[in-house]
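Enquirer: Any chance you could fold what I've pasted below:
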Amino acid sequence: MANSNENPFAGVLPEPVELGDMPDPIPGTDEFAMAEQRDRSTRDISAMPWSLEQLPEHELIELHDRIVAAERRLITPNLLYEEYEAGTAEGPDHIELVRGVTPGHLFTAEHATSPFVVVDKETNRKEYRFPDRGTGGLAAVLGEDFGTALIMRGQQTSNVPSDPNHPIKPMIREELRTATGFLAVHGKNPGMFVRSSDPTEIHACIGLGDNPSDALHEFARTVVRTAGEDLGLYVVISNDQPAYIQESGSTKLKREKDGTAKLSQLAALGAGKTPNFSRRVLKEFKRDVPTMQIELTDLLRLTPGNDKKDRVATTIGVALGYKLFQKVVELTPTYRPAEL
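Expert: Okay, here's the model as predicted:
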């Protein structure tokens, strides 16, 4: 970029590209320098200076502190990684319902605490897997401000997307009678990118689920454009665009066992994923509102146990994660579904 302070995502909606194998960048090349910058962008907000003045300082701090307080209250009182299995649950599959002052969107944080997932299908052996840290506190504040939130507080006995009888699903069904939109709040691994010229990692992946409508696709494109223009964030629609994954602290790519570049596509595919479940429920109710999953990178949410981010990066990043969901809510009146 000619000016490093210029927002590279303003007015940009790149066409999806097919991805093949990619070699690791060679030291001394432009691709290597860009890979170094991308890696720094996963933990250092100064690597994306165009986002440093998005909000007044007092608003940044207030949003950050509210989300930290909610994460402590509902999930991890001491902000410790080891607390994410039990969380603050008072029993198995404890679900917190946060209801705001006015009706609006429904937010879920299904992996706010560690899900209990099948790791060996032959023996049905299960174990706790990594949580989407920070999503519980974020969803709680979003629910307070824009509608309602359902948050898994810990002691999970299964995994929401793969359990058709999960107790959160009847609660989702009931809220969808009136909700103005459905947003599943998730976290993704850092380091995703599409082009070797990308100046930062991908900040958020939108998953539209199975067979999204043209109206939902167009709405998601509006979200991508607005997030880039107004917040300086790199957002992709994962149904359209897979991504490479750069190793943390390195310029190298993650690879499959055969040595080819590993690709990630967080499109919310599968009948059990909550955007798909929500869409089926809405069809029963003869309603059509935006339903999607948004996966935030580490920089845009709290990540207790991660000491790579400093206070400034954490404060601004967490606020930007909130502002991305706020943009979706504010854009919802532009959604134009087909007639039911």
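Enquirer: was I right about Ser196 contacting Met22?
Expert: Yes. Using C-beta atoms under 8 Å, Ser196 is in contact with Met22, at 7.3 Å. C-beta: built from backbone N, CA, C; applies to glycine.
Enquirer: And the strands in this structure?
Expert: Counting by DSSP state E, one finds strands in the chain at the ranges 95-99, 105-109, 116-120, 125-128, 147-152, 182-187, 192-193, 204-207, 235-237, 243-245, 263-264, 291-296.
Enquirer: How far does the helix or strand of the chain with the lowest mean pLDDT sit from its chain's centre?
Expert: In the chain, no helix or strand scores lower on mean pLDDT, DSSP states H and E than strand 116-120, which sits at a mean of 78. Offset of strand 116-120 from its chain centre (C-alpha atoms, centre = their mean, to the nearest Å): 22 Å.
Enquirer: Make residue 1 into 493 and carry on from there
Expert: Sounds good: first residue 493 from here, last item strand 608-612.
Enquirer: residues touching the residue nearest to the spatial centre of the chain, list them.
Expert: Residue closest to the mean C-alpha point of the chain, counted by C-alpha atoms, centre = their mean, is Glu787 at 1.8 Å. Residues in contact with Glu787 (C-beta atoms under 8 Å, 6 or more residues apart in numbering) are His678, Gly679, Lys680, Ala696, Cys697, Gly699, Ser730, Leu758.
Enquirer: now it, nearest residue through space, not along the chain?
Expert: Spatially, and ignoring its direct neighbours in sequence, Glu787 is nearest to Lys680 (3.8 Å; C-beta to C-beta, 6 or more residues apart in numbering).
Enquirer: Same question for Ile737.
Expert: That would be Lys746: by C-beta to C-beta, 6+ apart, it lies 4.3 Å from Ile737.
Enquirer: correct me, but the one you found touches Ser740?
Expert: No. The criterion here is C-beta under 8 Å, and Lys746 misses it with Ser740 at 9.5 Å.
Enquirer: residues bridging contact with these two, i.e. touching both?
Expert: Common neighbours of Lys746 and Ser740, using C-beta under 8 Å, 6+ apart, are Gly683.
Enquirer: For the stretch 643-792 of the chain, which segments count as helices?
Expert: All helices of the stretch 643-792 of the chain, identified by DSSP state H, counting those that start in this stretch, fall at 660-667, 706-718, 766-776.
Enquirer: could the ones you listed be laid out in a markdown table, adding mean pLDDT and distance to His550?
Expert: Below are these laid out as a markdown table (pLDDT from 0 to 100; distance: least, C-beta to C-beta, whole Å):
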| stretch | mean pLDDT | distance to His550 |
| --- | --- | --- |
| helix 660-667 | 98 | 33 |
| helix 706-718 | 97 | 24 |
| helix 766-776 | 97 | 35 |
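Enquirer: mind putting these in a markdown table, distance to Pro508 and mean neighbour count included?
Expert: Shown next, in a markdown table, are the helices of the stretch 643-792 of the chain (distance: least, C-beta to C-beta, whole Å; neighbours: other C-beta atoms under 10 Å):
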| stretch | distance to Pro508 | mean neighbour count |
| --- | --- | --- |
| helix 660-667 | 30 | 17 |
| helix 706-718 | 11 | 18 |
| helix 766-776 | 20 | 20 |
